[in-house]
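> what's the 3D shape of this:
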Amino acid sequence: MPQDRAVGQIVVPSVGWSRWGICALLFFATTLNYIDRQIIGILKPDLAKQLGWNEIDYSNVVFAFQVAYALGYAGAGRIIDRLGVRLGYALAVLFWSLAAMAHALVRFVPPEARLGDWAAPAARILGDWLLVIPMTVLGFSAARFALGLAEGGNFPAAVKTVSLWFPKRERALATGIFNAGSNVGALVAPLLVPWLTSRFGWPTAFVVTGALGFLWLAAWWGHYESPERHRRLAPAELAHIRSDPPDPAVKIPWLALLRYRQTWAFIAGMFLIAPIWWFYLFWLADFLSKKYALSLSRLSLPLVVVYLVADVGSIGGGWLSSWLLQRGWTVNAARKTALLVCALCVVPVFAASSVSHLWVATLLIGLAAAAHQGFSANLYTLVSDTAPRAVVSSIVGIGGMAGAIGGMLYAKFTGYVLEWTGAYWPLFLIAACAYLVSLAVIHVLSPRLEPMQFEAPRRTGS
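Coordinates of the predicted model:
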């Protein structure tokens, strides 16, 4: 039972902590989500040497993940709105855990094998270009495609859960907390993966990390219910969760969401900033390895520092707008002020590729990663600020698809820039500008962050 707490001479009733337990489950799911996707970036320098990949080969593997992630994000949003988060989230984690483990199957493909060797008739018809595609690239691309398709369900499910379990004034903080799991996942991976790889080989790293998802599934299925059905939720906490005005009782077709400027504000924001985060995830280890001649074992510490700093930004960005709301600021002013602060903190990252000291570059990138996560926490919260709970997952899915499309385009761009020039500075310069541009577009599309206005269903008959 919740306990009252004394503040001075006033007794303030505590509404309970069950909603934060749900937030913890979202945090751990997001952690696992990022461990599974981060492995490829950490192993990239070693895999490229062992399997004979060039920069374009690696960008093709990343591209396959992004294509599937775009499809999975959009589809998962609608599926989760229909199935509910309890079943929908469980299915997403189940399938991405199996897909993560499936990467280990590529160990049975000889590194020198080419697609043309396995498809000679197709090679005669389609041309000699098939002969240069390594089978390991095809195998990793297939596994990454399956992983991306399933991992697309994480954020639509998590944001939907926050909209169900938290009032508006707490949603940015709750989103920042669960979104911090992405940093923890990206932090745990460089500690765990090099050790597993050095002791047991890279396939074991995929199997062990993928299997962790089954532990989360047991906890989720045993603990999660909607607030109205949750056995351990106190009436006071349920009243706190439901303290916002009720959503309009209307049915909203999926495509109809594209008629609203609030939807397009989220789409534009995701399209512009998500590719930068993907760039850090998939190329940061490679940048540090090449720029500062770091081995796989020496990469761990700077990567840990980057994502540890990013954790502070994720929670801090969500806390900032929630704190401003508590001080009487409007939702529009609080969210956009937090977005502006985060966008300005990204700007110094343009210098990361030109500094000569490892730790100066690490801290510049860490600050940018922290600001990204704070920006992202508030961007996700804009959806639940402006849309009914019934369509939150759908809008997050549409925006996430846009972010993944931007990510796959940026992945191909990155591959060609590095293959042709070997220079990282154009990529960091784009990263420095993306967030201010994103905020400007969001403000133009949704200057007041007004809630979506839906027409009530018409009555028929007399």
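
> pLDDT below threshold where in the stretch 151-300 of the chain?
Per-residue confidence of the stretch 151-300 of the chain (counting by pLDDT under 70) places the weak regions at 247-250.

> Helices of that one, residue ranges please.
Shown for the stretch 151-300 of the chain, the helices assigned by DSSP state H, counting those that start in this stretch span residues 154-165, 168-200, 202-223, 235-241, 261-292, 296-326.

> Would you point to the one among these that's packed deepest?
Among the helices of the stretch 151-300 of the chain, ranked by average contacts under mean count of other CB atoms under 10 Å, first place goes to helix 154-165 (a mean of 28). Bear in mind the C-beta positions are built from the backbone N, C-alpha and C, glycine included.

> tell me the mean pLDDT for the host helix or strand of residue 404?
Here residue 404 is covered by helix 392-420, with elements defined by DSSP states H and E. Per-region confidence: helix 392-420 scores 88 on mean pLDDT.

> Tell me which other helices or strands it touches.
For helix 392-420, the helices and strands in contact under the criterion 3 or more CB pairs under 8 Å, 6 or more residues apart in numbering; DSSP states H and E are helix 55-83, helix 154-165, helix 261-292, helix 358-386, helix 425-445.

> mind listing what the closest residue to residue 309 other than its chain neighbours touches?
Of all residues beyond its chain neighbours, the one nearest residue 309 is residue 366 (3.5 Å), with distances taken as CB to CB, 6 or more residues apart in numbering. Residue 366 is in contact with 305, 306, 307, 308, 309, 310, counting by CB atoms under 8 Å, 6 or more residues apart in numbering.

> Would you check which pair of those lies furthest apart?
The span of the contacts of residue 366, defined through CB to CB, is set by 305 and 310 at 9.6 Å.

> do you know how far the residue lying closest to residue 107 once chain neighbours are set aside is from residue 188?
If you skip the residues right next to it in sequence, residue 107 has residue 203 as its closest partner in space, 4.5 Å away by CB to CB, 6+ apart. Taken as CB to CB, to the nearest Å, the spacing of residue 203 relative to residue 188 amounts to 19 Å.

> for residue 62, same thing?
With distances taken as CB to CB, residue 62 is found 21 Å from residue 188.

> for residue 29, same thing?
When distance is defined by CB to CB, residue 29 is 14 Å away from residue 188.

> same question, residue 252
Spatial separation of residue 252 from residue 188 under the definition CB to CB is 38 Å.

> same check, this time on residue 55
Look at residue 55 and residue 188: by CB to CB, they are 27 Å apart.

> do residue 236 as well
When CB to CB is the yardstick, residue 236 and residue 188 sit 36 Å from each other.

> try residue 264
Residue 264 sits 35 Å away from residue 188, taking CB to CB as the criterion.

> And the pLDDT at residue 439?
We have a pLDDT of 98 for residue 439.

> swap that for residue 115, please
Per-residue confidence for residue 115 comes out at a pLDDT of 58.

> do the same with residue 77
Reported pLDDT at residue 77 in the predicted model: 79.

> shift numbering so it begins at 12
Let's use 12 as the start, then, which means that last one is residue 88.

> Tell me, how many residues neighbour the residue lying closest to it once chain neighbours are set aside?
Nearest-residue entry for residue 88: residue 408, 2.0 Å, with adjacent residues in sequence omitted and distances by CB to CB, 6+ apart. When counting by other CB atoms under 10 Å, one arrives at 31 neighbours for residue 408.

> Residue 339: neighbour count?
Using other CB under 10 Å as the criterion, residue 339 is surrounded by 8 other residues.

> ok so, going back, including distance to residue 35, could the helices and strands packed on helix 403-431 go into CSV?
Written out in CSV, the entries for the helices and strands packed on helix 403-431 read as follows (distance: least, CB to CB, whole Å):
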stretch, distance to residue 35
helix 66-94, 20
helix 165-176, 12
helix 272-303, 23
helix 369-397, 16
helix 436-456, 29
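
> do you know which of these lies nearest residue 328?
Among these, helix 369-397 comes nearest to residue 328, with 2.0 Å by CB to CB.

> quick one: buried residues of the closest one?
Neighbour-count burial for helix 369-397, counted by 16 or more other CB atoms under 10 Å, picks out 369, 372-397.

> same deal with stretch 421-433?
Result for stretch 421-433 [16+ other CB under 10 Å]: buried residues 421, 422, 423, 424, 425, 426, 428, 429.

> what are the C-alpha coordinates of that stretch, in CSV please?
Coordinates of each C-alpha in stretch 421-433 appear next as CSV, following Å, rounded to 0.1, in the frame of the first residue of the first chain:
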residue,chain,number,x,y,z
TYR,A,421,22.4,8.1,-44.5
ALA,A,422,24.0,4.7,-44.2
LYS,A,423,24.5,4.4,-47.9
PHE,A,424,25.8,8.0,-48.0
THR,A,425,28.2,7.2,-45.2
GLY,A,426,29.5,4.1,-46.9
TYR,A,427,30.3,5.9,-50.2
VAL,A,428,31.8,8.9,-48.4
LEU,A,429,34.2,6.7,-46.4
GLU,A,430,35.0,4.4,-49.4
TRP,A,431,35.8,7.3,-51.7
THR,A,432,37.3,9.8,-49.3
GLY,A,433,38.0,8.1,-46.0
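
> Check what contacts that stretch and list those residues.
Stretch 421-433 is contacted from outside by 65-67, 69-71, 73-74, 77, 286-287, 289-290, 293-294, 434-435, 437-438, using CB under 8 Å, 6+ apart.

> let's see 6 Å
Outside of stretch 421-433, the residues within contact range by CB atoms under 6 Å, 6 or more residues apart in numbering are 66, 67, 70, 73, 74, 77, 286, 437, 438.
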